[in-house]
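Novice: For reference, the sequence and a predicted model appear below.
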Amino acid sequence: MHDQQPTFYDGSSERAVPASRRIAVLGTRKMGAAIAARLSGAGFELVPWDRTRERAVALGIGPVADSPADAVARVDVVISSLTGPDPVTSTYAGAEGALAAARGKLFIEMSTQLRQASRERLTGQGPGRPRSELAAS
């Protein structure tokens, strides 16, 4: 059981919070926004990121990351909810992609695409490897 009281983001600053209480949400459309709202309400501090920055900002739930790598670097847990194989590839791959900061992180992949397709597309795309990955099918 976690004995630390939940902390809430009030928009005024990025306070120091244990990384395990901080979660990156990559993709803030309908499903990602709903997940983020529930986690925020449960006391987790979130680092949202979306390819359309204004969408992540509009949630008002935490400091918006400049890139997927920036979001992942700030947390231990990453939830991604993206709209298909191309957005998954562009979010995870490259120097600013999520895999650039993935070493030791827990990824929960909930994107609307085939798991095998994303693994094939992302093989060899980043220097880090997630600690583990959970996939919602």
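Specialist: That came in fine, so what should we check first? Numbering: from 1, shown residues only.

Novice: Strands of this protein, residue ranges please.
Specialist: 22-26, 45-49, 77-80, 106-109, 132-135 (DSSP state E).

Novice: Skip the chain neighbours and tell me the closest residue to residue 73.
Specialist: residue 101 (4.2 Å; CB to CB, 6 or more residues apart in numbering). Placement of C-beta: from N, CA and C, glycine included.

Novice: ok, now which ones touch that neighbour?
Specialist: Contact analysis of residue 101 by CB atoms under 8 Å, 6 or more residues apart in numbering lists 69-70, 72-73, 128.

Novice: Which of these fall within helices?
Specialist: 69-70, 72-73 (DSSP state H).

Novice: Need the max-distance pair from those residues.
Specialist: 70 and 72 (7.5 Å; CB to CB).

Novice: For those two, indicate the residue with more neighbours.
Specialist: residue 72 (29 against 18; other CB atoms under 10 Å).

Novice: for the more buried one, what are its contacts?
Specialist: 24, 78, 98, 100-102, 105.
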